[in-house]
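Enquirer: quick check, what structure comes out for this input:
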Amino acid sequence: MHLETYSAADSAHASRALAALPEVGRALPHSLEAEEALLALVIAYPDEVFPLCRNAKFSEKSFYDPKHGAIYAAVRLLAEAQRPIDLATVAERLRETGDLERIGGYATLTQVTTYQGTSAHARHWIDQVRKFWILRQTIRQAQKAIEQCHGYSGEPFAEFLAPHAVWFSTATARARQGDSGAVESLGTVIAQIRADVAARAAGTEDRTGWIHTGFPEFDNLDSSSCMMPFGSMREDGNVIIGGGSSMGKSVLMRNIASLAVERGQRALVYTIETTRYSFVQSMAATTARASVRGLARAPKDHVARLDRSLAELEAKADKKLFLFEKKDDVAFDTIEGIAAHARAWCAQHGTPHVIVLDYLQLIGVGKRCNSREQEVAHISHTWQALQRELGCVTIGGAQLNEASLSKLRTVKKDKEGKVIHELPDRGALRESQALYHDADVVIFLHMPVVDGAGREQVGLDTTNPEMWLCVDKRRSGVRGIVKTRFEKAHGYFKPLHEAGAARSPTATGPTSKADY
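Expert: From the prediction side, this is the model:
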């Protein structure tokens, strides 16, 4: 049998013998040494090495030896459960799943992890395991194509070849660009969606990547009115939090990052508006519910709580919480610089669960634009592209324009004297609506001119105001309003529950269908 090929060099046809297929029983490409070394490093340095493996989208199927795959699966389950990872806990997990004896017992586990190295060697072994993993995928895809070619029954030829051409084109692009993980066909993606849907229906889906807010209205999936935490089902990844000055945008973003760290997730934060000192101090004060400015007059237990909170953050610094401020790198002046830093950081440390940037309109661009509107649009597009590339949740702050804020602060009443609220909408974002269009989720912080108790909140001296979290846009999920009380002194939002309170004033705007 001969295969006609086309030579671009001489534009001539040449008959070449089809290369012989691998003989039956021939081992697929692999390196047991690389797999054992990587597993040893994952168990020895889990906080540093496992995120790199997760970033490479490794699974038990990434390993040639089934025993190695079972060990990695045990490590992954321990990591998802936020349990300690060492030789003893991995062995116990294997025993719980019935895999310890199947791999040869504790002696085999000990033998596999005898490699002596440091976390600095992890990327080398990850690249080796990944290379052979993709080679095995390529062989299987080629064998699938061969079988289908033998069974060709006359359907449109272009449609017949298309799935295989797309797969190999994707594999080539990923190898060239250094992307990691399995090469997925559209059919594979659909199969994954079906599996996720079934897992959600059964209540067994993997929720380790979800970013929570701390509000039951968002986070309690068992509630029919739940707006759902971010990152679920690989959706709602690009989150924009908009609001006026001193409304708590940075506070809310900081609180979400703090909650992620408390849950054992990793947060990468770029603080442009404040310093690292101010950011960490405020984060600790929020957790301790203590006012830093009033410590001299505060009860002694406030000081103790604040010190304890700082000690907990110190233990998680550069392990779960990674914080950079503007002066750390001149590249942070532009969105391109921040995106490049985030990519490099993720390549070195693995993709975090959430990346926070406060706030987008304080950043410049590295290209020439004709207007500030074009600059902000470019910032928005670059930020969205970064989220799509990395696959984690990104949260960015955005300022509202003064015209909209002035309108929102004006008390309006209907013919019956009932207060009517104007809510923020897409036109309220300053300088460019691209921020709204590119986002998966848009949350506006809105301080109603009159709170639920009938008190006016138009003055700047309003303490602990009622604040509404208006979910104006959600690609996947429920829109609506979550009422909170903004505790300015301690820097946190708490759910607002007013027993026996009258129905809130009428609200108009995109979220007006919510139950007020």
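
Enquirer: in this protein, where is pLDDT below threshold?
Expert: For the chain, residues meeting the criterion pLDDT under 70 lie at 1-25, 174, 176-184, 224-225, 232-233, 459-462, 497-516.

Enquirer: just name whatever secondary elements the helix ranked longest in it is in contact with.
Expert: Longest helix in the chain by number of residues (criterion: DSSP state H): helix 122-150. Helices and strands touching helix 122-150, as assessed by 3 or more C-beta pairs under 8 Å, 6 or more residues apart in numbering; DSSP states H and E, comprise helix 32-44, helix 46-55, helix 157-177. For the C-beta atoms, the positions are set from N, CA and C on the backbone; glycine is no exception.

Enquirer: distance between the second one and the chain's centre?
Expert: Read that as helix 46-55. Centroid separation for helix 46-55 versus its chain: 15 Å, with C-alpha atoms, centre = their mean, to the nearest Å.

Enquirer: then it to CSV, C-alphas only?
Expert: Included here for helix 46-55 are C-alpha records, laid out as CSV according to Å, rounded to 0.1, in the frame of the first residue of the first chain:
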residue,chain,number,x,y,z
PRO,A,46,3.3,19.2,48.1
ASP,A,47,2.7,22.9,48.5
GLU,A,48,5.2,23.8,45.8
VAL,A,49,5.0,20.9,43.4
PHE,A,50,1.3,19.8,43.3
PRO,A,51,0.1,23.2,42.1
LEU,A,52,2.5,22.8,39.1
CYS,A,53,1.1,19.4,38.4
ARG,A,54,-2.4,20.8,38.6
ASN,A,55,-1.5,23.7,36.3
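
Enquirer: packing partners for that helix?
Expert: In this structure, helix 46-55 packs against helix 32-44, helix 66-80, helix 122-150, helix 335-349, with contacts taken as 3+ C-beta pairs under 8 Å, 6+ apart.

Enquirer: try 7 Å this time
Expert: Judged by 3 or more C-beta pairs under 7 Å, 6 or more residues apart in numbering; DSSP states H and E, the packing partners of helix 46-55 are helix 32-44, helix 66-80, helix 122-150.

Enquirer: just want the angle from the next helix or strand after the second one to helix 32-44.
Expert: Scanning forward in sequence from helix 66-80, with DSSP states H and E defining helices and strands, the next element found is helix 87-96. Going by axes from the mean of the first three to the mean of the last three C-alpha atoms, to 10 degrees, helix 87-96 is angled at 110 degrees with respect to helix 32-44.

Enquirer: from what I see, residue 93 and residue 74 are in contact.
Expert: Yes - at 4.1 Å, residue 93 and residue 74 qualify as touching, with contact defined as C-beta atoms under 7 Å.

Enquirer: who's more crowded, the two?
Expert: When residue 93 and residue 74 are compared on other C-beta atoms under 10 Å, the one with more neighbours turns out to be residue 74, at 26 against 22.

Enquirer: quick one, strands of the stretch 351-500 of the chain?
Expert: 354-358, 393-399, 412-413, 419-422, 441-446, 466-474, 480-487, 492-495 (DSSP state E, counting those that start in this stretch).

Enquirer: make TSV out of the ones you listed and add distance to residue 215 and mean neighbour count.
Expert: Compiled in TSV, the strands of the stretch 351-500 of the chain are given as follows (distance: least, C-beta to C-beta, whole Å; neighbours: other C-beta atoms under 10 Å):
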stretch	distance to residue 215	mean neighbour count
strand 354-358	16	26
strand 393-399	15	26
strand 412-413	28	12
strand 419-422	20	17
strand 441-446	11	26
strand 466-474	7	23
strand 480-487	5	21
strand 492-495	6	18
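
Enquirer: among those strands, which is nearest residue 279?
Expert: Evaluated with C-beta to C-beta, those place strand 354-358 nearest to residue 279, the distance being 8.8 Å.
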